[in-house]
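Engineer: Coordinates for the following, if possible.
(chains A and B)
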Protein chains: 2
Amino acid sequence: MKVVVIMSGGLDSTVLLHRTVAFSDLEVYGLSFDYGQRHRKELEFARYWGQKLCVDWKLLNISFMSQIADKSSLTGDLKMPHTHYSHESQKVTVVPNRNMVMLAIAVAWAENLEAPIVFYGAHLNDRSVYPDCKPEFVEAVSLAATKGTLTKVRVEAPFVDKYKADLVALGIQLGVDFSNTWSCYEGQKRPCLECATCLERTEAFTKNNCQDPLLTNEEWLHALEKLERSEKDVT
Amino acid sequence: MKVVVIMSGGLDSTVLLHRTVAFSDLEVYGLSFDYGQRHRKELEFARYWGQKLCVDWKLLNISFMSQIADKSSLTGDLKMPHTHYSHESQKVTVVPNRNMVMLAIAVAWAENLEAPIVFYGAHLNDRSVYPDCKPEFVEAVSLAATKGTLTKVRVEAPFVDKYKADLVALGIQLGVDFSNTWSCYEGQKRPCLECATCLERTEAFTKNNCQDPLLTNEEWLHALEKLERSEKDVT
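Structural biologist: Just a heads-up that it's a prediction; the model follows:
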């Protein structure tokens, strides 16, 4: 059976991809998006995994999104907030309806391939900030996909009730090489260690009692410091 | 209140646009898509109406769709069938999940504008061929949009239970200049008069006892002949 996996090159969707290819009866088609994100470095890793593990991998340029969505710090000129996801300030990282756009396009490809499932990596940590990562959104968008296609494509987000730490645990089980994944929202050569997604990533590894293999020992120590400081700021 | 209207430059969405601007309390934002359709001539009319009637009008290029959807005669090299919509052969004109992609993008713009409604012009004639024109699809995609956005954007298709002839009747009431609309699926300078959308358009005007103002008198007589012949072919 063919399936489409939306993959960003980030930790979550890379674990999702490994989980999907682990089902040996699935032919996996990978789909990534260039939407003008600052952190386009993630796309290098999307390409790496797409070419390594997928039957076919495509990178689509949907940077026209910046013409209609100028309010996000992920794509516009707004400053990236350096706090936890739970913080109100993270609202500026919302790209309006981004997941529905990506999912609709992935469903179009699935329909063309006659692939009945599209997987994407929404998880529980995202839920407080991003409405399009909630289970009720996944359910509704899946129904729309099923009703709108002849293949009756459905959308599945198997991690929607899992925390990022659970995904790290699953990735360890599946042998994921996390050094080939990228999370930082800033567009630098190395992770900034203090944006929400860096903090979240560091926390997920600490909960699994291991070091993030993307980071040098020195960076890891910095990351732990930043995490500790941010937790003090929240409390 | 702000609203977004998806407009193709075709008859249906031009009537929809006129219906929407007739509500004087609405600020109308028009959105059109270049998806590599053969009949891009329709976009000239989309631009005409967008600039004439909308607060803002945008044309987005989503021709990347051809990378993932090569099976449609609207965008690919397949021959355009010259029969009625009801005919099985019309399946080749389906662009996979096209409406969901356009709607998801329109909802993204609506979210950015804080506009609570996106209108699109799906109608009853389309239903037999295009799954993404059915009421159950509209309902599901609207729910997905509401769940996926902070503005709780909903999708409305006010013509979903109307025939194209009803839209011509409404357009006449609203004073729509139909000579500035385009329906033909073929990419010629003048309508071919025998593709499904030409036949449907001719039929809709005959049901209103009037001539299509887009056509010369001579073209109109040809159109009537083609319609009569196609009806004989179906029976």
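Engineer: Please make it C-alpha for all contacts and neighbour counts, starting now.
Structural biologist: OK.
Engineer: backbone phi and psi for residue A:34, please?
Structural biologist: The phi/psi pair for residue A:34 (degrees, to the nearest 10) reads phi -100, psi 110.
Engineer: List the residues that contact it.
Structural biologist: For residue A:34, the contact set (Cα atoms under 8 Å, 6 or more residues apart in numbering or on different chains) comprises A:40, A:43, A:59, A:60, A:61, A:62, A:63.
Engineer: Among those residues, find the lowest-pLDDT one for me.
Structural biologist: In terms of pLDDT, the least confident member of the contacts of residue A:34 is residue A:40, at 83.
Engineer: Please look at it and residue A:186 and confirm they touch.
Structural biologist: No. Residue A:40 is not in contact with residue A:186 according to Cα atoms under 8 Å; the separation is 9.2 Å.
Engineer: Pick out whichever of these two has more residues nearby.
Structural biologist: Just comparing residue A:40 and residue A:186: by other Cα atoms under 10 Å in any protein chain shown the higher neighbour count belongs to residue A:186, 24 against 21.
Engineer: Please state the backbone phi and psi of that one?
Structural biologist: With angles defined as degrees, to the nearest 10, residue A:186 sits at phi -80, psi 150.
Engineer: and if you look at residue A:159?
Structural biologist: Taking degrees, to the nearest 10 as the convention, residue A:159 sits at phi -100, psi 10.
Engineer: still on that earlier bit, possible to save the contacts of residue A:34 as TSV with distance to chain B and secondary structure?
Structural biologist: What follows is those, written out as TSV (distance: Cα to the nearest Cα, whole Å; DSSP: H, G, I helix; E, B strand; the rest coil):
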residue	distance to chain B	secondary structure
A:40	19	coil
A:43	17	helix
A:59	10	strand
A:60	7	strand
A:61	7	strand
A:62	8	coil
A:63	10	coil
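Engineer: Just the buried ones from those residues?
Structural biologist: A:40, A:43, A:59, A:60, A:62, A:63 (16 or more other Cα atoms under 10 Å in any protein chain shown).
Engineer: The last one touches residue A:36, doesn't it?
Structural biologist: This points to residue A:63. Yes. Assessed by Cα under 8 Å, residue A:63 is found in contact with residue A:36 at 5.1 Å.
Engineer: so what's the residue in chain A sticking out farthest from the centre up against?
Structural biologist: Centroid-distance maximum for chain A: residue A:150 at 27.9 Å, with Cα atoms, centre = their mean. Shown in contact with residue A:150 (Cα under 8 Å, 6+ apart): A:111, B:131.
Engineer: Mind exporting the C-alpha coordinates of the helix ranked longest in chain A to CSV?
Structural biologist: Across chain A, the longest stretch assigned as helix under DSSP state H is helix A:217-234. Extracted in CSV, the C-alpha atoms of helix A:217-234 (Å, rounded to 0.1, in the frame of the first residue of the first chain):
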residue,chain,number,x,y,z
ASN,A,217,29.3,18.4,24.4
GLU,A,218,29.8,22.1,24.9
GLU,A,219,26.5,23.0,23.1
TRP,A,220,24.7,20.4,25.2
LEU,A,221,25.9,22.0,28.4
HIS,A,222,24.7,25.4,27.1
ALA,A,223,21.4,23.9,26.1
LEU,A,224,20.9,22.5,29.6
GLU,A,225,21.7,25.9,31.1
LYS,A,226,19.2,27.7,28.8
LEU,A,227,16.6,25.1,29.7
GLU,A,228,17.1,25.6,33.4
ARG,A,229,17.1,29.4,33.0
SER,A,230,13.8,29.3,31.0
GLU,A,231,12.1,27.1,33.5
LYS,A,232,13.0,29.7,36.2
ASP,A,233,11.6,32.4,34.0
VAL,A,234,8.3,30.6,33.7
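Engineer: State the number of residues packed around residue A:153.
Structural biologist: So residue A:153, with other Cα under 10 Å, has 25 neighbours.
Engineer: Tell me the residues on chain A that lie near chain B, please.
Structural biologist: Residues of chain A found near chain B (Cα under 8 Å from any Cα of the partner chain) are A:60-62, A:64-65, A:68-71, A:96-98, A:100-101, A:104-105, A:107-109, A:111-112, A:130-133, A:136-141, A:143-145, A:147-150.
Engineer: Now do the helix or strand bottoming out on mean pLDDT in chain A: distance to the chain's middle.
Structural biologist: When each helix and strand of chain A is scored by mean pLDDT, DSSP states H and E, helix A:65-68 comes last, with a mean of 86. The chain centre lies 20 Å from the centre of helix A:65-68; the measure is Cα atoms, centre = their mean, to the nearest Å.
Engineer: what packs against that helix?
Structural biologist: helix B:98-113 (3 or more Cα pairs under 8 Å, 6 or more residues apart in numbering or on different chains; DSSP states H and E).
Engineer: Which helix or strand lies directly C-terminal to the helix it packs on?
Structural biologist: Downstream of helix B:98-113, the first helix or strand assigned by DSSP states H and E is strand B:117-119.
Engineer: ok, that following strand near chain A or not?
Structural biologist: No. Strand B:117-119 is not in contact with chain A by Cα under 8 Å from any Cα; minimum separation 13.2 Å.
Engineer: Which other helices and strands does that strand contact?
Structural biologist: strand B:2-6, helix B:98-113, strand B:154-156.
Engineer: for chain A, which spans come out with low pLDDT?
Structural biologist: A:71-94, A:234-235 (pLDDT under 70).
Engineer: what do you get if the cut-off is 90, keeping everything else the same?
Structural biologist: For chain A, applying pLDDT under 90 flags the ranges A:24, A:35-41, A:63-98, A:124-133, A:185-188, A:195-196, A:231-235.
Engineer: does residue A:160 really touch residue A:120, like I thought?
Structural biologist: No. Using Cα under 8 Å, residue A:160 makes no contact with residue A:120, being 9.3 Å away.
Engineer: Looking at the two, which is more packed in?
Structural biologist: Between residue A:160 and residue A:120, residue A:120 has the larger neighbour count (other Cα under 10 Å), namely 27 against 19.
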